[in-house]
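Novice: Predicted model and sequence below, questions to follow.
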Amino acid sequence: MDVLAVLNLGEFAQIFSKMGMFPVFDLAYYIVSILYLKYEPGSVEVSRRSPVASWLCAMLYCFGSYILADVMLGGCPIDYFQHNSHILLASAVWYLIFYCPLNLFYKCVAFLPVKLVLVALKEVVRTRKIAAGVHHAHHAYHHGFFIMIIMGYVKGSGVALMSNFEQLLRGIWRPDTNEILNMSFPTKASLYGAILFTLQEAQWLPVAKSTLILAFTLFMATSKVVMTARHSHGSPFALIESWVCYVLFGSALAGSEEDHHHPPAVPATPVKTKEELGEGARRRKVKKAE
């Protein structure tokens, strides 16, 4: 018996989990992904200077998770490009966002109420990708629980993990933006979601897969809509993560390392006032005259 069966969500969760993503949800995913690409510095200039490089960056933003997952599982990195309908739809979105006259399409999808709806729809696709990645890895490595987590994590945040490679296509190299070093909320949520779906796949979590998909989708969509509406880059996990890091890793670790690596402070040179400087100059003149 499922934990959430008392809420009578089983039938609705089943319908929701079997709902097709193409074309409505996938279209929203492509729009939001390429919209974020246009926010990146230099992306508009690249689209004018080299449309091919701009198109490749857009495809990485839309299909980077599939490409990275195929590479890690030993498949062909361009295997997903056989889905012509998805490629054409994403290419149409890329063209309209970057080259539509008067930026009309960009202004429409960047309008906050419209953007909030698109962001919520995108999180539906993200959750499905996490669940699909864990399920795929479960068939390939039946007892490889860490591989299931990795594949779900990659499927959910592969675009962010490939951001440094995408930057090279735009002629930018910013290693300090490595997603592993500076994990954003979607990346962290994808990791936590991959752990949950792995536990469910291993039958260690007494929740039906359809119910877990529905619950995690509601959490992701609500969190992202609130964060987008408030223009926030924080994380709902910040309080829990700070407490866990304090308990497991200690708060003195960072401070001790800073004290170890930083050189000792050099005592500051006292600054002389104008009266002292004037008095010194007068004394030098008297001494010189003598």
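Specialist: Okay, I see it. Residues are numbered from 1 along each chain as shown.

Novice: How are the helices of the stretch 1-150 of the chain distributed by residue range?
Specialist: Listed in chain order, the helices of the stretch 1-150 of the chain (DSSP state H, counting those that start in this stretch) span 10-17, 24-39, 43-49, 51-72, 84-99, 104-110, 112-140, 145-161.

Novice: could I have the fourth one exported to CSV, CA atoms only?
Specialist: Spelled out, it's helix 51-72. This file holds the C-alpha atoms of helix 51-72, laid out as CSV (Å, rounded to 0.1, in the frame of the first residue of the first chain):
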residue,chain,number,x,y,z
PRO,A,51,24.5,31.7,-36.9
VAL,A,52,25.9,28.2,-37.0
ALA,A,53,27.7,28.6,-33.6
SER,A,54,24.6,30.1,-32.2
TRP,A,55,22.4,27.2,-33.4
LEU,A,56,24.8,24.7,-32.0
CYS,A,57,24.7,26.4,-28.6
ALA,A,58,20.9,26.4,-28.8
MET,A,59,20.9,22.7,-29.5
LEU,A,60,23.2,22.0,-26.6
TYR,A,61,20.8,24.0,-24.3
CYS,A,62,17.9,21.9,-25.6
PHE,A,63,19.5,18.5,-25.9
GLY,A,64,22.7,18.6,-23.8
SER,A,65,21.4,16.2,-21.3
TYR,A,66,20.6,13.6,-23.9
ILE,A,67,24.0,14.0,-25.5
LEU,A,68,25.9,13.7,-22.2
ALA,A,69,23.9,10.7,-21.1
ASP,A,70,24.5,8.9,-24.4
VAL,A,71,28.2,9.6,-24.1
MET,A,72,28.3,8.2,-20.5
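
Novice: give me the number of residues near residue 248?
Specialist: By the criterion of other Cβ atoms under 10 Å, residue 248 has 7 neighbours. For glycine as for every other residue, the C-beta is placed from the backbone atoms N, C-alpha and C.

Novice: quick one: average pLDDT of the helix or strand hosting it?
Specialist: If you go by DSSP states H and E, residue 248 is part of helix 238-249. Helix 238-249 carries an average pLDDT of 84.

Novice: With stretch 12-22 instead?
Specialist: Regarding stretch 12-22, the rounded mean pLDDT is 91.

Novice: who touches that stretch?
Specialist: Contact partners of stretch 12-22, identified using Cβ atoms under 8 Å, 6 or more residues apart in numbering, comprise 85, 86, 124, 125, 128, 208, 209, 210, 211, 213, 214, 217.

Novice: let's see it at 6 Å
Specialist: 125, 210, 211, 213, 214 (Cβ atoms under 6 Å, 6 or more residues apart in numbering).

Novice: residues touching the fourth one, list them.
Specialist: So that's residue 213. Counted by Cβ under 6 Å, 6+ apart, residue 213 has contacts 17, 127, 131.

Novice: Excluding covalently adjacent residues, which one is nearest to it?
Specialist: residue 17 (4.8 Å; Cβ to Cβ, 6 or more residues apart in numbering).

Novice: count of neighbours near residue 249?
Specialist: 10.

Novice: Sorry, slip of the keys, the one I care about is residue 245.
Specialist: Around residue 245 there are 13 residues (other Cβ under 10 Å).

Novice: Can we start the residue count at 58 from this point?
Specialist: Let's use 58 as the start, then, which means that last one is residue 302.

Novice: so how far is residue 294 from it?
Specialist: 11 Å (Cβ to Cβ, to the nearest Å).

Novice: can you check residue 165 too?
Specialist: Using Cβ to Cβ, we find residue 165 at a distance of 33 Å from residue 294.

Novice: what bits of the stretch 208-347 of the chain have low per-residue confidence?
Specialist: Scanning the stretch 208-347 of the chain for pLDDT under 70 picks out the ranges 308-347.
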